[in-house]
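Asks: Prediction below, plus the sequence it came from.
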Amino acid sequence: MFEEKLKEFEPIFYPKSIAVIGASATSIKVGSLWVVDLRSAGFPGLIYPVGSSGGRIGDLEILPSLRLIPGEVDYVIVAVPRQSALELLDDCAAKNVKAVHFFTAGFSETDTQQGRKLEEQMLEKARQGNVRIIGPNCIGVYCPEHRIPLLMGILGEDGSVGFISQSGGIATKLVTIGIARHINYSKGVSFGNGIDLDASDFLQYLAADPKTRVIGAYLEGTRDGACLFNTMKEVAKAKPLVVWKGGRTEAGAQAALSHTGSLTSSAAIWSAMLKQAGTIEVHSLEELTDTLLIFQQLGRGRGIRAAIIGGLADGGGGNSVAAGDACMENGLKIPPLSFETKQELSKLVGEVGGILCNPVDLSQAQFRGLATLFQAIDSVVRDTVSDVVLIQEDIEILLPIYSRKGLEEINEFFIELAKRQNKPVIVVLPPGSVEAERLQIEQKLLAASIPVFCSMERAARAIYRLNQYYCWQEAK
C-alpha cells in the first residue's frame, strides 16, 4: 500500500545533498544554524550554504546562488523572506531539485488574501518545474537514521515511531519529549501550511515505510477532508495511527487559522471522522506521547484486565484505592485475584495492614525484607486473571525505608521480572520531593523497555487505547 511514495520521498528523507538558502557567515542567522546543525548531526551527504553575503561557514564556501552549486541538489531549505519565493522556485527547477522546504513564514497564516495568492503562484511554479514543496511556515523533515535533525540540532536515536505535525513547535516537543522518554523516531515532518505535500502525502509515506510501526499526528485542519479521511482509513488498517486534533474550540480554531492558515470543522465532526477511520484520537501532547510510548514498548495489546500493586511501602492503602478508581474510570477491568494468589500473599505478608485483593497493597512487606516483597510481586504477576500489571513506585516513601541500594535492587527486580515473562509490567512513578532520583529511575526503566508513566490515569488511558486499536482491527 502506497509503495510508490517510498521512491518519491527518498530525496526528502534520504537526500544525497542539501542546499540551505539564507546562510551567512553570521552564526545567528537561521540558515547558518541549519548548516551548523546538519554538520554537527553528521549528515552524510553534501551541504551547500547559499547566501548573497558570501564568506564561509567553517570550511564550506557560501555560494551566492543556488544555480552556481556545482553538483546536483536533492533538497533545499529556504530561510529568506517570502518575496524571494517565486524566484527561488525558478532556481530549484533549473537545478532539478526534488523538494524545497520553506521555513519562511508570512503567507496565508498572516495575510489571507496576499498570502494565499502567493501560495497559489508558488504551487503553480513548483508543478511546472516538477518540484515538491514542504510548507511554507514549517521546520521540515526529521530523520535520525539519515542524520537530519530538527532545527536547533535536535536528533535522538532512530526507532520505529513516525510522526507528522502541522506545527513546528509541537514537532519539536514530540522529539524532545521522545528523547526524554526513550520514544525513538523513524521519521518526522513539520509541514506547516501544506500547500503541496500535506498530511495525506506524509501519512501515505509513513504507512509504506518499513521502518515505521506506529504513527502519531498533530493536525489543525485540512484543505481536502475527503482525501485525508480516505488516507487515514487506509493507513489505520496497516499501522496504528494516533491523532491529536488541534483547534477543537472556537479559540483554538481561530489560533489555527493564524498559525498555519488551516480551516477547521467542528470537534464533533473530526471525532466522528477519526473514529470511522479507525484512528486513535487523543486530546493533548501528553496523551499523544503516552500512546506512542505504549505502542512502541508493547507492540500489541494483551488485554485490559489489570492487576494493580498500589503500595510497596507505607501509605499504600489509599494509593491502591485511588489506582483502582483511575484504572476503571479509564477503561480497564480490575478482576479479583485468584484464591491461590490471595493465600500465597497472606502467607508472605500477612493479612493485617495490607490489601490482598486487587488492587494490592504490599506495604507490610517492608517488615519482612526485599526478598519477600519480590516473591509477593511475582505471585501477583503470575496470576492468570490479569493481562497486565501496573506497579506504583513512590520514590519519596521508598527511599527512606530501603535506601538507595534497596531502591536499586527493587528496580533491577522489575527489569528482570519484565524480561523473564510475557505479561507487560508497567511502572507508575509519581512526581514528588526527590525528583532527581525519580528521573534517574525512570530513565533506567525506559532504557530496559519498561513503560513508565507519572500517573495511574495516564498509564490506564494508554493501555486502553492500545487494546482499543487491536480490537478494532480484529473486528474489521
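Replies: Cool, the structure landed.
Asks: What ranges does the stretch 101-250 of the chain have for its helices?
Replies: 112-128, 168-181, 199-208, 225-238, 250-260 (DSSP state H, counting those that start in this stretch).
Asks: So what touches the shortest one?
Replies: Applying CB atoms under 8 Å, 6 or more residues apart in numbering, the set of residues contacting helix 199-208 from outside is 1-3, 5-6, 8-9, 13, 162, 164, 166, 186-187, 189, 191, 212, 215, 217, 219, 222, 224, 227-228, 231-232, 234-235, 238-239, 241. No exception for glycine: its C-beta is placed from N, CA and C like everyone else's.
Asks: mind redoing it with 6 Å?
Replies: 2-3, 5-6, 9, 162, 164, 189, 212, 215, 219, 227-228, 231, 235, 238 (CB atoms under 6 Å, 6 or more residues apart in numbering).
Asks: Same question for the longest one.
Replies: Identification of contacts with helix 112-128 by CB under 6 Å, 6+ apart yields Ala85, Leu86, Leu89, Phe107, Ser108, Ile133, Ile195, Asp196.
Asks: Try it again at 7 Å.
Replies: For helix 112-128, the surrounding residues in contact (CB atoms under 7 Å, 6 or more residues apart in numbering) are 82, 85-86, 89-90, 106-109, 132-133, 193, 195-196.
Asks: Out of those residues, which end up buried?
Replies: Among the contacts of helix 112-128, those scoring as buried are Arg82, Ala85, Leu89, Gly106, Phe107, Ser108, Glu109, Arg132, Ile133, Asn193, Ile195, Asp196 (criterion: 16 or more other CB atoms under 10 Å).
Asks: And the fourth one, how far from Arg147?
Replies: If you measure Gly106 against Arg147 using CB to CB, to the nearest Å, the figure is 30 Å.
Asks: again, but for the last one
Replies: Note on Asp196: its distance to Arg147, by CB to CB, is 25 Å.
Asks: And the first one, by the same measure?
Replies: Remark: distance between Arg82 and Arg147 (CB to CB) = 29 Å.
Asks: can you check the fifth one too?
Replies: Applying CB to CB, one obtains 29 Å for the distance of Phe107 from Arg147.
Asks: Following the chain onward from the lengthiest helix in the chain, which element is next?
Replies: In the chain, assigned by DSSP state H, the helix with the most residues is helix 395-420. The helix or strand immediately downstream of helix 395-420 is strand 425-428, counting by DSSP states H and E.
Asks: Contacts only, for the closest residue to Arg302 other than its chain neighbours.
Replies: Excluding the flanking residues, the one nearest Arg302 by CB to CB, 6 or more residues apart in numbering is Asp387, at 4.7 Å. Asp387 is in contact with Arg302, Gly303, Ile304, Arg305, counting by CB under 7 Å, 6+ apart.
Asks: Need the worst-confidence member of those.
Replies: Least confident entry in these, by pLDDT: Arg302, with 85.
Asks: Is that one in a helix, a strand, or coil?
Replies: coil (DSSP: H, G, I helix; E, B strand; the rest coil).
Asks: any idea how far Leu33 is from it?
Replies: 45 Å.
Asks: quick one: low-confidence parts of the stretch 201-350 of the chain?
Replies: 247-265, 313-317 (pLDDT under 70).
Asks: Give me the number of neighbouring residues for Gly54.
Replies: Per other CB atoms under 10 Å, the neighbour tally for Gly54 reads 12.
Asks: State the helix or strand in which it lies.
Replies: Per DSSP H and E, there is no helix or strand for Gly54.
Asks: Tell me the pLDDT of it.
Replies: 84.
Asks: so what's it up against?
Replies: Contacts of Gly54 by CB under 7 Å, 6+ apart are Ile62, Pro64.
Asks: try Arg404
Replies: By CB under 7 Å, 6+ apart, Arg404 has no neighbours at all.
Asks: What of His146?
Replies: Taking CB under 7 Å, 6+ apart, one finds Phe13, Tyr14 in contact with His146.
Asks: switch the cut-off to 10 Å
Replies: Phe13, Tyr14, Pro15, Ala41, Gly42, Phe43, Pro44, Gly45, Asp158, Lys187 (CB atoms under 10 Å, 6 or more residues apart in numbering).
Asks: and if you look at Met328?
Replies: Contact analysis of Met328 by CB under 10 Å, 6+ apart lists Ala306, Ile334, Ala460.
Asks: cool, and Asp91?
Replies: Asp91 makes contact with 19, 21, 50, 65-69, 73, 76, 84, 97, 100, 129, 131, according to CB under 10 Å, 6+ apart.
Asks: Quick one: buried ones out of those residues?
Replies: Ala19, Ile21, Val50, Leu66, Ile69, Val73, Val76, Val97, Val100, Gly129, Val131.
Asks: still on that earlier bit, would you mind checking the contacts of Asp387 for buried ones?
Replies: Arg302, Gly303, Ile304, Arg305.
Asks: Adding distance to Ile154, write those out as CSV.
Replies: Formatted as CSV, those follow (distance: CB to CB, whole Å):
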residue, distance to Ile154
Arg302, 33
Gly303, 36
Ile304, 35
Arg305, 39
